[in-house]
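*Asks:* got a predicted structure plus its sequence, pasted below:
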Number of protein chains: 2
Amino acid sequence: MKLIDGKKISSEIKEEIAQEVHELLAKGGKKPHLAAILVGNDGGSETYVAHKVKACEQVGFDSTLIRFPDSVSEHELIEKIKEVNQNADIDGLIVQLPIPEHISEEKVIECIDPKKDVDGFHPANVGRMVAGMPAFVSATPNGILELLSRYQIETSGKHCVVIGRSNIVGRPMSILLSQKRTTGNATVTVCHSRTENLKEISKQADIVIAALGKPEFLTADMVKEGAVIIDVGTTRVKSDKTKSGWKLKGDVKFDEVAEKASYITPVPGGVGPMTIVSLLKNTLLAAQKKV
Amino acid sequence: MKLIDGKKISSEIKEEIAQEVHELLAKGGKKPHLAAILVGNDGGSETYVAHKVKACEQVGFDSTLIRFPDSVSEHELIEKIKEVNQNADIDGLIVQLPIPEHISEEKVIECIDPKKDVDGFHPANVGRMVAGMPAFVSATPNGILELLSRYQIETSGKHCVVIGRSNIVGRPMSILLSQKRTTGNATVTVCHSRTENLKEISKQADIVIAALGKPEFLTADMVKEGAVIIDVGTTRVKSDKTKSGWKLKGDVKFDEVAEKASYITPVPGGVGPMTIVSLLKNTLLAAQKKV
């Protein structure tokens, strides 16, 4: 079993990005600039956004954090997005999800200029990705492709089973892996809560992407010997062993599945760190006007 | 074995649409209006467009056929599309594909106003469909969903194997069938030219969608007893038995597969007729501003 070290790979990629920024500035270009909008004070969201801002600093990007209270109106939020859309200095814009229920997530996402939509959530980007056109691909699936690629894990002709059909992970992941592309060309099965014979299917997989958000769901009896296991789960569970009072749990029962796997991602330190570097890469692409 | 009669269903749906148009006019509304752009003189394209125009007449739509010679410039074609986008009397616009190689298909499709894109090819529509938002869904997958629904074929929890990953059939079909929706919730596997063990996978399928464009590709040994077989193939093969000198062949070796299938679509008369009614339904939705 080989551990897929997302932390290490993400550090390497950050260095590559920092180098690109260096070259960009040397050529008289400007620093890539990411703006993040955070609504409310959700603990998880605070942490994620803080990580993103810090990562921007690490690679030499400018970043702007725009905060609103929970009570912000949809109108006010959308006006701010429109303002950022118009701001030529800002290359990428993300709105940290979830947002309060009185604001339409769809409206907010569709309001972001697709050219600045570095989260890749805007339908125009999703559609371009599906059609195989240049697009901002959402961060987690993009990060997984990068891990598979850097560990030289063959996907062409392999059977990938994606467990979970969310719009931000499972769905784009299944599409990307089955497309005619490098780190693609896989035979892909999408499983979800309504799947009747999940174990029968997951046992056939050469590569399993577990992205359903149920801690320790995937057990050893559900995978075949030598499978590649990618764990996207990051559920916070209570823990009296950590200072914070919680720890992250993946969707994979790591210890027992690791014994059968050829490659496996840990949680934390697997897919998680890749998500942020994907966002940085998209922001760099946006700054370079490559999408 | 039960034959899925696309011709009959499509006639029924046309009557339903004609009835809706009738009610629309009675309420003082205007006739839905479809514009089709045809470039060049390809025999297949001529026939398809002629069928579409005729279908419009049958249900009481207005239609406009705009023709260009093969030599039309990209600029000229795009200017015409922009003009139609602006024309408030026209509800839906399609550009019959393929178009000559000197014109970018991507540019043409992205130029169509998504609100009039009744073929559902614009990335904004594809992205909205993927996200489960109201969207124009492309005609063939939409027609297949309609057939499954009208024959009350259960998809929830079933294993659907989609053979083919084209942007206009295989890809949207696989996405739609696995979404949380009526005639959805299936476990879906996408197979294609790089799939290594196709037979092994197709034999597991409760529903097979054959959409690869290889005449008589799917044989009896590739399907399980009682499977539902949907044949999307429409390849013209030479024939000395028809006046035209050719006949349509599906992707399924009909006679032998029919013996094992619980339901099967014939070619012609299965999926084909549904494609046109899906286009009509999208045009009606466009006229009613429902997307």
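*Replies:* Okay, I see it.
*Asks:* can you name the next helix or strand after the longest helix seen in chain A?
*Replies:* Taking DSSP state H as the criterion, chain A has its longest helix at helix A:6-26. Scanning forward in sequence from helix A:6-26 by DSSP states H and E, the next helix or strand is strand A:33-39.
*Asks:* buried stuff in the longest helix of chain A?
*Replies:* Buried residues in helix A:6-26, defined by neighbour count with 16 or more other CB atoms under 10 Å in any protein chain shown: A:Gly6, A:Ile9, A:Ser10, A:Ile13, A:Lys14, A:Ile17, A:Glu20, A:Val21, A:Leu24. C-beta: built from backbone N, CA, C; applies to glycine.
*Asks:* list the residues that contact the fourth one.
*Replies:* Put plainly, it is A:Ile13. By CB atoms under 8 Å, 6 or more residues apart in numbering or on different chains, A:Ile13 lies in contact with A:Glu146, A:Val277, A:Leu280, A:Lys281.
*Asks:* can you give me the neighbour number for A:Ala258?
*Replies:* 17 (other CB atoms under 10 Å in any protein chain shown).
*Asks:* separation between it and A:Val190?
*Replies:* For A:Ala258, the distance to A:Val190 (CB to CB, to the nearest Å) stands at 25 Å.
*Asks:* A:Ser174 now?
*Replies:* Distance from A:Ser174 to A:Val190, by CB to CB: 5 Å.
*Asks:* now do the shared contacts for the two.
*Replies:* A:Val162, A:Arg165.
*Asks:* drop anything exposed from the contacts of A:Ile13.
*Replies:* Those of these that meet the buried threshold are A:Glu146, A:Val277, A:Leu280, A:Lys281, by 16+ other CB under 10 Å.
*Asks:* tell me the phi and psi of A:Ser149?
*Replies:* Per-residue torsions, A:Ser149: phi -70, psi -50 (degrees, to the nearest 10).
*Asks:* contact partners for it?
*Replies:* Contact partners of A:Ser149, counting by CB under 8 Å, 6+ apart, are A:Thr182, A:Thr183.
*Asks:* redo that, cut-off 6 Å
*Replies:* By CB atoms under 6 Å, 6 or more residues apart in numbering or on different chains, the residues touching A:Ser149 are A:Thr183.
*Asks:* which bits of the stretch 151-291 of chain A sit near chain B?
*Replies:* Neighbours of chain B within the stretch 151-291 of chain A, by CB under 6 Å from any CB of the partner chain: A:156-157, A:165, A:167, A:178, A:185, A:187-191, A:194-196.
*Asks:* would you write a PyMOL line that selects the buried entries of the residues you listed?
*Replies:* A single PyMOL command selects the buried members of these (16+ other CB under 10 Å):
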select buried, chain A and resi 165+167+178+185+187+188+189+190+191+194+195
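*Asks:* which strand residues bridge A:Ala210?
*Replies:* A:Ile163, A:Asp231 (DSSP bridges).
*Asks:* let me fix that, I meant to ask about A:Lys247.
*Replies:* Under the criterion used (DSSP bridges), A:Lys247 bridges to A:Val237.
*Asks:* what's the local residue count around it?
*Replies:* 15.
*Asks:* distance of it from chain B?
*Replies:* Distance, A:Lys247 to chain B, by CB to the nearest CB, to the nearest Å: 31 Å.
*Asks:* cool, and A:Tyr48?
*Replies:* Separation of A:Tyr48 from chain B (CB to the nearest CB) stands at 21 Å.
*Asks:* could you tell me how far stretch A:108-117 lies from the centre of the chain?
*Replies:* On the basis of CA atoms, centre = their mean, to the nearest Å, stretch A:108-117 sits 17 Å off its chain's mean C-alpha point.
*Asks:* nope, stretch A:267-281 is what I was after
*Replies:* In this view, stretch A:267-281 has its centroid 7 Å away from the chain centroid, taken as CA atoms, centre = their mean.
*Asks:* so for it, mean pLDDT?
*Replies:* The average of the pLDDT scores along stretch A:267-281 is 95.
*Asks:* what comes up buried for that stretch?
*Replies:* So, applying 16+ other CB under 10 Å, buried residues of stretch A:267-281: A:267, A:269-281.
*Asks:* contacts for that stretch?
*Replies:* By CB under 6 Å, 6+ apart, the list of residues contacting stretch A:267-281 reads A:4, A:6-7, A:10, A:13, A:17, A:51-52, A:55, A:59, A:118, A:139-140, A:142-143, A:147, A:231-232, A:248, A:250, A:265.
*Asks:* buried among those? Make that a ChimeraX selection.
*Replies:* Filtering these down to the buried ones (16+ other CB under 10 Å) takes a single ChimeraX command:
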select /A:4,6,10,13,17,52,55,59,118,139,140,142,143,147,231,232,248,250,265
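*Asks:* quick one: which two of the buried ones among the contacts of A:Ile13 are the most distant?
*Replies:* A:Glu146 and A:Leu280 (11.6 Å; CB to CB).
*Asks:* reformat the residues of the stretch 151-291 of chain A next to chain B as JSON lines; add pLDDT and secondary structure.
*Replies:* Output for these, formatted as JSON lines (pLDDT from 0 to 100; DSSP: H, G, I helix; E, B strand; the rest coil):
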{"residue": "A:Ser156", "pLDDT": "98", "secondary structure": "coil"}
{"residue": "A:Gly157", "pLDDT": "97", "secondary structure": "coil"}
{"residue": "A:Arg165", "pLDDT": "97", "secondary structure": "coil"}
{"residue": "A:Asn167", "pLDDT": "93", "secondary structure": "coil"}
{"residue": "A:Ser178", "pLDDT": "98", "secondary structure": "helix"}
{"residue": "A:Asn185", "pLDDT": "98", "secondary structure": "coil"}
{"residue": "A:Thr187", "pLDDT": "98", "secondary structure": "strand"}
{"residue": "A:Val188", "pLDDT": "98", "secondary structure": "strand"}
{"residue": "A:Thr189", "pLDDT": "98", "secondary structure": "strand"}
{"residue": "A:Val190", "pLDDT": "98", "secondary structure": "strand"}
{"residue": "A:Cys191", "pLDDT": "98", "secondary structure": "strand"}
{"residue": "A:Arg194", "pLDDT": "97", "secondary structure": "coil"}
{"residue": "A:Thr195", "pLDDT": "97", "secondary structure": "coil"}
{"residue": "A:Glu196", "pLDDT": "94", "secondary structure": "coil"}
